[in-house]
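Participant: take this sequence and fold it.
(one chain, ligands or ions: 1)
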Amino acid sequence: MPEVERHSFDVLVIGAGGAGLRAAIEAREHGMRTAVLCKSLFGKAHTVMAEGGIAAAMGNVNSNDSWQVHFRDTMRGGKFLNNWRMAELHAKEAPDRVWELETYGALFDRTKDGRISQRNFGGHEYPRLAHVGDRTGLELIRSLQQKVVSLQQEDFAATGDYESRLKVFQEFTVTDLVQDDGAVAGAFGYWRESGRFVLFEAPAVVLATGGIGKSFKVTSNSWEYTGDGHALALRAGASLINMEFIQFHPTGMVWPPSVKGILVTESVRGDGGVLRNSDGKRFMFDYIPEVFKDKYADNPEEADRWYTDPDNNRRPPELLPRDEVARAINSEVKAGRGTEHGGVFLDVSTRLPAEEITRRLPSMHHQFKELADVDITAQPMEVGPTCHYVMGGVQVDPDTGASSVPGLFAAGEVSGGMHGSNRLGGNSLSDLLVFGRRAGEGAANYVLGLADRPVCSEDAVAEAQRVAVEPFSREGGENPYTLHMELQQVMNDLVGIIRRADEMEQALKRLDDLKRRAETLSVEGHRQFNPGWHLALDLRNMLLVSECVARAALLRTESRGGHTRDDYPGMDSSWRRKLLVCKVSEGSVSVEEEPQIPIRSDLLALFEHSELQKYLTAEELEG
Ligand code: FAD
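Facilitator: From the prediction side, this is the model:
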């Protein structure tokens, strides 16, 4: 077996997006020797791509905003399936996390009187998204990295070594967690460049690996979102919840084909952009669901007045939660009212002066000009749904981020519960900071409480190596690129935005077949920068996670948030009380129902009884 490089830390954070960096900062500040491992270059995480902003009820633009209103919006957006404790912590702590970011060096756009500016977004009752133009994620990552550097400078002053307490390992992929009698003992993986293997020994691991979008053909996600953290957790014995809920963002680019799926930020609609079909009709007024009728304008005049007088008018239906808008676009296209390239029109050019568009939406202006030769200050964009975010993830304790596996924690997109069946825009960036901090603290406290350190056995390390090199030992087997393409097509066509039992059953058969074929995957060459090998290892994760999505989606016989069943079009309040929990035992996925913990009464009291009637069962309402 090849030689294995070894390192030892107190806390390992896998992922250097917002959740990972915030967790690492917290663990280090609790005195832990902390390592951050990331598959891509340091700074190139999904978080850096975030455009619109970070949601926090600071009340800077509308003083009626408060954590209670943010909590209510989040629960409504998730159709009451959210882990209410997470939604509560998130709404209460998000403003502090945004302020804290400014102490790390972030500089958000300002209001005229110098406060952090906040913009409108779908499903948020008040302007709530703190932003830096449409490049908010870049500022978030930049300032978290700056904080890492400042901590490293402190460490240099104390120890003479910048990396003595906080060290980043970039372009490093974790393939397996190593356990000792069930508890986390470390993580095993390879340097992407050299292919050399490394063992990181540590009693606590925080998963912060982001999403799973690369299992779908049309997606806003980039190459590294292959569900690694979800799969690592499953294989270690933790459970995933809410995997049936996938967010299809309503507005991805549809043309040219090479850029299909790339995100068109919701800020375009937040800043006044409207959706029209090929007949020129502003169609969203036809798609306001019953549960939202009292909150959204049913005519263009009122919708337009809302931008200047939000207190006396209802919001435009373009700002309905993402699942509603994505389904509406899908229906228009299916009904033959789509654009030439299978999308609808999103127009901001007739709503704002050109200079205002380039000031507020510089990235969108640049993106369309460069990639599609469209000038959004003068022409409408063509947009359609794209797989964007997974609501499902590792089942964690809301306060500490701990999973059911001792020593294993999760935060950010890889964790589940916070967003229920559908995430509101802007609520991810705040989630990363609130729960990243909590998971870092949870991991530190866990390590401090340990009497003995778990040990990585040589057998476990040898097994991780064996699995990693297996694709080299076969000749003439399946090609990883072919398998990946087929997987993406299956998930897109059969477990996509609109689902049916017969199609999902077909998907499960196809996934089973792909899984069998994956056992014969073979790669050529050697371990030095070998993307075919990298993909072969990633496919193991994508197939496992895709099966969880398909199995859970087949079982949930209702439509809710990011799970739309053609054969069960309505929301069923008895299903709101159930979570679908995915586990893996001896390589097989099982999905079981688990009761949802009833919402605490003081939080329930924040809603009108008439609204609760739309979501809760009669039995719950009486209780
Ligand atoms: P990520 O930022 O996705 O980072 C994951 C990290 O894990 C990376 O460093 C990756 O290299 C690493 N990793 C993965 N697997 C491994 C492995 N096996 N080994 C080692 N490292 C690994 N949300 C908002 O709230 N507001 C917005 O405006 C917004 N805009 C968005 C725009 C776009 C285009 C996209 C795609 C998403 C947007 N989102 C937005 C969603 C949000 O950006 C993500 O949900 C969030 O950034 C995820 O952060 P994370 O820290 O969980 O993971």
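Participant: low pLDDT regions in the stretch 451-600 of the chain?
Facilitator: For the stretch 451-600 of the chain, no stretch has pLDDT under 70.
Participant: get me the contact residues on it for the ligand.
Facilitator: Residues of the stretch 451-600 of the chain lying near the ligand by C-beta under 6 Å from any ligand atom: none. C-beta coordinates here come from the backbone N, C-alpha and C atoms, glycine included.
Participant: ranges for the helices of the stretch 451-600 of the chain?
Facilitator: With DSSP state H, counting those that start in this stretch as the criterion, the stretch 451-600 of the chain has helices at 458-469, 480-494, 501-518, 531-555, 573-576.
Participant: report the buried residues of the longest one.
Facilitator: So the one you mean is helix 531-555. Residues 533-554 are the ones in helix 531-555 that count as buried (16 or more other C-beta atoms under 10 Å).
Participant: could you do the last one as well?
Facilitator: Applying a neighbour-count criterion of 16+ other C-beta under 10 Å, one finds 573, 575-576 buried in helix 573-576.
Participant: grab the nearest non-local neighbour of Asp180.
Facilitator: Counting by C-beta to C-beta, 6 or more residues apart in numbering, Asp180 lies nearest to Pro454, which is 3.6 Å off, once chain neighbours are set aside.
Participant: in what helix or strand does Gly211 lie?
Facilitator: Assigned by DSSP states H and E, Gly211 falls within no helix or strand.
Participant: pretty sure it sits against Gly416.
Facilitator: No. Gly211 lies out of contact with Gly416 (C-beta atoms under 8 Å); the separation is 11.5 Å.
Participant: neighbour count: these two, which is higher?
Facilitator: Taking other C-beta atoms under 10 Å, Gly211 and Gly416 do not tie; Gly211 has more neighbours (32 against 28).
Participant: the more buried one and Ser403, how far apart?
Facilitator: 17 Å (C-beta to C-beta, to the nearest Å).
Participant: could you do Glu100 as well?
Facilitator: 26 Å.
Participant: neighbour-wise, which of the two wins?
Facilitator: A count of neighbours by other C-beta under 10 Å puts Ser403 above the other of Glu100 and Ser403, at 25 against 17.
Participant: if you skip the residues just before and after it, what's nearest to that one?
Facilitator: Nearest one to Ser403, counting by C-beta to C-beta, 6+ apart, is Ala238 at 4.0 Å.
Participant: and the one you found, how many neighbours?
Facilitator: 24.
Participant: give the contact list for it.
Facilitator: Residues near Ala238 by C-beta atoms under 8 Å, 6 or more residues apart in numbering: 394-395, 403-405, 408, 410.
Participant: counting neighbours, show which residues of stretch 254-267 come out buried.
Facilitator: Buried-residue list, stretch 254-267, by 16+ other C-beta under 10 Å: 254-255, 260-267.
Participant: turn those into JSON lines, columns for pLDDT.
Facilitator: As requested, these are exported to JSON lines (pLDDT from 0 to 100):
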{"residue": "Val254", "pLDDT": "93"}
{"residue": "Trp255", "pLDDT": "90"}
{"residue": "Lys260", "pLDDT": "93"}
{"residue": "Gly261", "pLDDT": "95"}
{"residue": "Ile262", "pLDDT": "95"}
{"residue": "Leu263", "pLDDT": "93"}
{"residue": "Val264", "pLDDT": "94"}
{"residue": "Thr265", "pLDDT": "89"}
{"residue": "Glu266", "pLDDT": "86"}
{"residue": "Ser267", "pLDDT": "86"}
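Participant: columns distance to the ligand on top of these, output as CSV?
Facilitator: CSV is the format used below for the buried residues of stretch 254-267 (distance: C-beta to the nearest ligand atom, whole Å):
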residue, distance to the ligand
Val254, 15
Trp255, 18
Lys260, 14
Gly261, 10
Ile262, 7
Leu263, 4
Val264, 9
Thr265, 6
Glu266, 7
Ser267, 8
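Participant: okay, and which of these map to helices?
Facilitator: Using DSSP state H, the subset of these located in helices is Ser267.
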